[in-house]
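[1] quick one, what's the 3D model for this:
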Amino acid sequence: MFDPVLKPGCEDIELGYRLSRHGLRVVYDARAVAMMARPVDYHGILQRLLRQGRSELVLSRKQPDHAVQRWAGVANAQSRWRELAAPCDAQVQGVGLLDTFAANAARYGLPVEDTLLRQLYDGYAWVLKATKLKSLIEDRQPAEFRVDFNHAYPVDGVLTPNWRERLVCAGCGLSNRVRAAIHVLEHIRSYPEALREWYRCLRPGAVLFFSVPFRKDLEYHLVRADVAADGSIVHRLAPEYHYDPIRPDGCLCFRRFAWELLDQLREVGFERAQGLLYWSRELGYLDGKQLLLTARREGLAGVQAASTQAAGGFQA
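    This is a model prediction of the structure:
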C-alpha cells in the first residue's frame, strides 16, 4: 500500500494523493486532535526533518503535480537555502545550547525568563526551516544507481543478480530515471498493468527500455497461454517455459509480442515508443535482428498540463 521508495517521511501523504486521483476526498477538520507518544529531543527532531525533507524530495520527483510540488516546498529551494546556509551551523549549535539550558531548568524546577523562551522558540522556527531546506538541497546530487541484489543467487561463491533485480540509488532508494526489463513481460499475464506501473514509476522525461520475445512478422500478439476465471492455466499453444535459476521448472511464457505493443505503450502515456534493431561484432550479435524496445515518459511540462486539466486535485 505505502510506496517503499519514500521510506519513513511522507509515505502516508503520497498514499492519500494516489487515492485522491481515484476519487477519495481528504477532509480537514480543525477539531480533530492527533495524540502521538513519541518523545524526541532537539537533535532527534533535526534528524527526523532531514529524513522528511529527503522523502518529500523523492515524492516531488515521482509526482510532478503542481500541488505536490508546492506542498513539498522544492520550488526555489536553492535560492532560499543560500540565504540561510552561512549562519546555519552556528545557529543550530546556539539553539541547541538554549534548548539544553531550558530543559535542565525545567528538570530542577527553576524559572526561565519569558525573553529567553521567546528567543528559544524563534530559534526553533529558524533551525527547523533551515534543516528542511538543507535536506532538499543536499539530496539534489546526481544519483548513482546500483543493482540492489535483492533476488541474487550464489554462483561459484559469487553473488549473481538475475532478471528480478532493480537499479536503485543507494542514497535515497529512487529508481525512476531509467527502467530496464530484459525478457520479463512475457511472463506476466496482465502485462498492461505492468506497462502502467512502469509509467507510474518513471519520472517525467525518463526512458524505459526492454526486450521481449518479439514476432516482427505479426501485427498482433501471439498468445500462448492465459488464465481462466477459476485461476487455472489455459494453454492455447504448446507450453513454453523459459529458464529461471530460482525455479527448476522455469517460467511460463504467456505470449510473444508483436507491433501492437508500441500502440499500447502510447495508450498508457509513453511517447517515442519504438523498436530498435541492433548488432555488435564484439558481443556476437551479428545478424542485426535483435530488437530493443524503448519509450519515454512525457516531459514535466506535458505531465503538469495533464494534471492541471484532470478532475479533482490534491490538498493537504
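[2] can you pull out the strands in the stretch 51-200 of the chain?
    Along the stretch 51-200 of the chain, the stretches classed as strands by DSSP state E, counting those that start in this stretch are 145-147, 153-155, 158-160, 167-169, 178-182.
[3] what are the pairing partners of the third one, and which direction each?
    Partners of strand 158-160 in the sheet, by DSSP bridges, are strand 153-155 (antiparallel).
[4] what's the partner strand in contact with?
    In this structure, residues lying in contact with strand 153-155 by Cβ atoms under 8 Å, 6 or more residues apart in numbering are 159, 160, 162, 245, 246. C-betas here are computed from N, CA, C, even on glycine.
[5] for it, the distance to its chain's centre please.
    Averaging C-alpha positions (Cα atoms, centre = their mean, to the nearest Å) puts strand 153-155 28 Å from its chain's average.
[6] next one: stretch 216-234
    That offset, for stretch 216-234, works out to 31 Å (Cα atoms, centre = their mean).
[7] just the terminal-to-terminal distance for it.
    Stretch 216-234 has its terminal residues 25 Å apart, counting by Cα to Cα, to the nearest Å.
[8] give me the mean pLDDT for it.
    For stretch 216-234, the mean pLDDT works out to 93.
[9] go on, stretch 70-82?
    86.
[10] how long is it end to end?
    19 Å.
[11] which residues does it contact?
    Counting by Cβ under 8 Å, 6+ apart, 10, 13, 56-57, 59-60, 69, 130, 132-134, 136-137, 140, 314, 316 sit against stretch 70-82.
[12] could you list the low-pLDDT ranges of the stretch 151-300 of the chain?
    151, 161-182, 282-283, 299-300 (pLDDT under 70).
[13] domain map for this protein?
    The record, using automatic domain parsing to delimit domains, assigns the chain the ranges 4-138, 176-300.
[14] pretty sure residue 102 contacts residue 114?
    No. Using Cβ atoms under 8 Å, residue 102 makes no contact with residue 114, being 11.9 Å away.
[15] quick one: which of these two has more around it?
    Higher neighbour count among residue 102 and residue 114: residue 102, with 16 against 8, using other Cβ atoms under 10 Å.
[16] on that earlier part again, reformat the domains of the chain as a markdown table; add distance to residue 153.
    Below are the domains of the chain laid out as a markdown table (distance: least, Cβ to Cβ, whole Å):
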| stretch | distance to residue 153 |
| --- | --- |
| domain 4-138 | 22 |
| domain 176-300 | 6 |
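[17] of all the ones you listed, which one is nearest residue 152?
    Checking the domains of the chain against residue 152 by Cβ to Cβ gives domain 176-300 as the closest, at 9.9 Å.
[18] residues in contact with stretch 31-48?
    Against stretch 31-48 from outside (Cβ under 8 Å, 6+ apart): 92, 95, 96, 99, 100, 127, 128, 131.
[19] list buried residues within the residues you listed.
    92, 95, 96, 99, 127, 131 (16 or more other Cβ atoms under 10 Å).
[20] tell me which two of those sit farthest apart.
    Taking Cβ to Cβ, no two of those sit farther apart than 99 and 131, at 13.8 Å.
[21] which residue is the nearest non-sequential neighbour of residue 128?
    The shortest distance from residue 128 to any non-neighbouring residue, by Cβ to Cβ, 6 or more residues apart in numbering, is to residue 49 (6.2 Å).
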